[in-house]
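Novice: this is a predicted model, with the sequence first.
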Amino acid sequence: MCGIAGAVAPDPVDPASVVRMRDELAHRGPDAAGVWRSPDGRVCLGHRRLAIIDLRAEANQPWVSHDGRFVVTFNGEIYNFLRLREELERAGVRFRTRSDTEVLVEAYRAWGESCLARFSGMFAFALWDAVERRLFCARDRAGEKPFYYAVIDGAFVFGSELKAVVAWPRFRKRLDFRALADFLTFSFVPDPRTIWEGAHKLPPAHRLVVDVPVSGALRVAPPVPWWDLRFQPDSQVVDWTPRILSALTTAADEMSIADVPLGTFLSGGVDSSSVTAALSRAGHDVRSFTIGFAEAGHDERPWARRVAAQYHTEHTERLVEPADVDAVFDKMVWHFDEPFGDYSYLPTFYVSREARQAITVSLSGDGGDEVFAGYRKYQRLALREGWGWAMPRPVAAAGARLFSSTTPAFRTLQQYGAEPSAMLADSLVLGFPRQALLRDTRGELARAVRDYDSLDIVRAMLVRADPRQVGLINAMRYLDFKLTLGSGILVKVDRASMAVALEVRPVYLHRALLDVAVSIPPARLADRRQAKKVLKTALAGWLPRDLLHRRKMGFAVPLAHWLRGGMAKAFVDTERHTRLDDLFDPGLVSRLMSAHARGTADFTARIHSLVFLERWLRKWA
């Protein structure tokens, strides 16, 4: 894993500017640093390396092809590079290194942009073609590796993190208040927006081309998708177990390729436990790492220990306590660049830091819930689908009135009474509902909220996965893959792990598992009694039955409990005048804290988002 940065401009680029951008990413690549500039000075690429495959200096980047035509700065891994290398060697290519970087370059030379479809891996890269005078940029299927960019005064600048783009000398920091509304709604800023006007994320599974004429302005083409999640249910398959287990074993084995120590994150849930099992069954000795909490309702260490004992892993545990939140909070604000609301970055950071003492690469179970319909909401969707979407809205509305508007029961009944697209969109609101934003915001943020609805992002996505055509479960899987995973979970994993220079490889996002998952009929994935049905059935021979069928806990932090205890005052300084007063009604945080402390509502997500935003404004704005 690495950090990439660069600039392409109408005039010669000062390499010192790219070095500054590059070195904002030093935490991503502590092993080597490089910079390359074209003979005319208009293209400059930078790289910070975390050495994983071919540790020699010959594999350092930016990497220049043998004939000087291609130069690449690349972040990620091409897991199937050895097979691609053999194919290219048969066609006459001679390699100078053992790295996947050189295979990427030669694959592009041989197959052009269609090489992307051949890659099994996670990647974000920018590749300069000196003959065509073209910069080719691309990002992997799920968006495991990040790519930020902006066009500033005619120059195209990019980086692995937003802080690299912001470091460009002429970048002007202006808040995008629609992006801020998105964050408050979803708990993250969905692509292609960023928190700054004029800066963008290259969406997952998209490519982008910058043409550089010998003289004159650059031509930056709009991003183009090169892949999408398409459902092709196969109702002829009776038993999915062989296909699922084969894909899991293949993925874990292929993703274990590394010239450095490797292990797994083992939370004790189905997904991480199956990854540990798959890696072990593929013939590897496994080191496993677990985070736990003193609160029994959130502590999965006993389950992780059972899996570790079953597969004879070298197992390490770390306890996370309330004091650990404040210890790294400001550090996380810096690493995330943008406001971010999923506070499970805390255990992710601590398990990464613990693991980094022994390994450099970790396999994880991230993506399993999104790909195999693992959340409890999929059970509700299966029930609603079984009714033919026929719950009478007056019945749902009447039922909702029996509960307080802050309770989960009210929210669920409201969703059941909504039309399908609205139901799906509402289920993705993890922060402030629109009504709360209209009520509680002020100033420029309030004006943005009045004129803009963040849920339009969801509605636009459902054009490509219409629930009337693919069904509620598959429509939700599409949204979870694109939003929950692509803009939320994978951002969390990338920033929290790269903060300590640990590479994390999510096994359930391997191409082989995606190919299986899109073929499974929705009814086999979830019903009203059980989510992730077909996966749990497949894993029955690998994992204990009570682990497979216990109530889902998730990678949850007991922050709700901690905010009702001793850490509340230290975490939330409600007396201090803050930048939030320009954006929200005064006293909003105090009111949320009071209601939360009384137990009349669970406002953990909103409180954390506001505190994170306030600290972020102090740091970045």
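Specialist: Looks like it arrived, so ask away.

Novice: of all residues in this protein, which one is nearest the centre?
Specialist: residue 490 (1.4 Å; CA atoms, centre = their mean).

Novice: that one is in contact with residue 144, isn't it?
Specialist: Yes: if you go by CB atoms under 8 Å, residue 490 and residue 144 touch, sitting 5.5 Å apart. All C-beta spots, glycine's among them, are computed from the backbone N, C-alpha and C.

Novice: any shared contact partners between the two?
Specialist: residue 506 (CB atoms under 8 Å, 6 or more residues apart in numbering).

Novice: so residue 477, which state does it fall into?
Specialist: State at residue 477, reduced to three classes by DSSP: H, G, I helix; E, B strand; the rest coil: helix.

Novice: excluding chain neighbours, what is closest to it?
Specialist: residue 373 (6.0 Å; CB to CB, 6 or more residues apart in numbering).

Novice: and residue 367, what does it touch?
Specialist: 142, 271, 485, 489, 506, 507, 508, 509.

Novice: how many neighbours does residue 84 have?
Specialist: The number of residues packed around residue 84, counting by other CB atoms under 10 Å, is 21.

Novice: what separation do you get for the residue nearest to it when sequence neighbours are not counted and residue 580?
Specialist: Nearest non-adjacent residue to residue 84, counting by CB to CB, 6+ apart: residue 103, 5.3 Å away. As defined by CB to CB, to the nearest Å, residue 103 lies at a distance of 49 Å from residue 580.

Novice: for these two, indicate the residue with more neighbours.
Specialist: Taking neighbours as other CB under 10 Å, residue 103 and residue 580 compare with residue 103 leading, 26 against 18.

Novice: what about the more buried one, which helix or strand?
Specialist: helix 100-111 (DSSP states H and E).

Novice: give me the helices and strands touching that helix, please.
Specialist: For helix 100-111, the contact count by 3 or more CB pairs under 8 Å, 6 or more residues apart in numbering; DSSP states H and E identifies strand 63-64, strand 70-78, helix 81-90, helix 115-118, strand 121-129 as packing neighbours.

Novice: buried residues of that helix, list them for me.
Specialist: For helix 100-111, a neighbour-count test (16 or more other CB atoms under 10 Å) marks 100, 101, 102, 103, 104, 105, 106, 107, 108, 109, 110 as buried.

Novice: out of those residues, who's nearest residue 445?
Specialist: Nearest to residue 445 among these, counting by CB to CB, is residue 104 at 42.3 Å.

Novice: what segments of the stretch 201-350 of the chain are helices?
Specialist: Ranges of helices in the stretch 201-350 of the chain, per DSSP state H, counting those that start in this stretch, are 241-254, 270-281, 301-310, 323-336, 345-356.

Novice: redo those as CSV? Include distance to residue 424, mean neighbour count and mean pLDDT.
Specialist: Shown next, in CSV, are those (distance: least, CB to CB, whole Å; neighbours: other CB atoms under 10 Å; pLDDT from 0 to 100):
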stretch, distance to residue 424, mean neighbour count, mean pLDDT
helix 241-254, 26, 19, 97
helix 270-281, 23, 26, 97
helix 301-310, 31, 19, 96
helix 323-336, 27, 17, 94
helix 345-356, 26, 23, 96
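
Novice: so who does the nearest residue to residue 145 once chain neighbours are set aside touch?
Specialist: Nearest residue to residue 145, sequence neighbours excluded (CB to CB, 6+ apart): residue 124, at 4.0 Å. Counting by CB under 8 Å, 6+ apart, residue 124 touches 4, 74-76, 137-140, 145-147, 160, 202.
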